[in-house]
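K.L.:
any chance you can model this:
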Amino acid sequence: MFLIKAFNYLFGKWLFSHKAHLSYSLKYSGRRRDLDINYLDYIRLATLELVANEIQKKNLPGNVAEVGVYKGKFAKYINQYFPSRKLYLFDTFEGFNEKDIQTEKELGLNDANQDFSNTSVDKVLHLMPFPKQCIIKKGFFPDTAAGIEDSFVFVSLDTDLYEPIYQGLIYFYPRMEKGGYIFVHDVNNDSYKGAAKAVAKFSEEQGLSFVPLPDSCGSVVFIKD
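P.N.:
Numbers count the residues shown, from 1 in each chain. Sure thing, here's the model as predicted:
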């Protein structure tokens, strides 16, 4: 405790200026936790672990999903924390879709010129601890969700752009089990303003509130009533 306080006293301003913070987390919890200390977005991963624990304690039904998988870095931990549930992985696996890029530009949100094509289904599945639980949905979302009859208890929306995030909320929220969680990434990321716009529109239309997180890209969490 003394060392942490001393470090913050000496280097706290420097850490803050570099968007980094040193703090306790669940200091008085005796529960054994399984976290990857090499995952550099601690708050996002730790929140996922806590949410998964709550879902398991309450024995909530439903499967899990991620829209916007890229290389599978976060999906790996969804798969890890929900090993007995089907994990739907929605992505083009080829980068942004042209329709979504055009919408982003028309709304003046982002030029969407980032290249996320350096991934593949095989690479993502190779990263998963329980690949047999994964169901790949490659292509344009929400078209790739057609015919799915499952309910969901956890969903991660990490598509960066306005339209797929908004469509993800529209699609998944009614299909969430009561007490289920939706994580939306990049909502407080000034490089992807479409995420905040999508969340604001959906929450206003549905009369819903959300919890903002101080993780690396400013996620928010919806909880199904």
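
K.L.:
any idea which strand is longest in this structure?
P.N.:
In the chain, taking DSSP state E as the definition, the longest strand is strand 176-184.

K.L.:
which other residues reach that strand?
P.N.:
44, 47-48, 51, 55, 58, 60-62, 151-158, 165, 168-169, 172-173, 195, 198-199, 210, 219-225 (Cβ atoms under 8 Å, 6 or more residues apart in numbering). In short, each C-beta sits where N, CA and C put it, glycine included.

K.L.:
what about those, which are in strands?
P.N.:
Using DSSP E, the members of the contacts of strand 176-184 that fall within strands are 152, 153, 154, 155, 156, 157, 220, 221, 222, 223.

K.L.:
residue 161 touches residue 95, doesn't it?
P.N.:
No - counting by Cβ atoms under 8 Å, residue 161 does not reach residue 95; the two are 11.2 Å apart.

K.L.:
which residues does the residue nearest in space to the middle of the chain contact?
P.N.:
The chain has residue 156 as the residue nearest its centroid, 3.7 Å off, counting by Cα atoms, centre = their mean. Residues in contact with residue 156 (Cβ under 8 Å, 6+ apart) are 65, 66, 67, 68, 74, 75, 78, 182, 183, 185.

K.L.:
of those - the most surrounded one?
P.N.:
residue 65 (30 neighbours; other Cβ atoms under 10 Å).

K.L.:
what about stretch 72-92, average pLDDT?
P.N.:
The predicted model gives stretch 72-92 an average pLDDT of 98.
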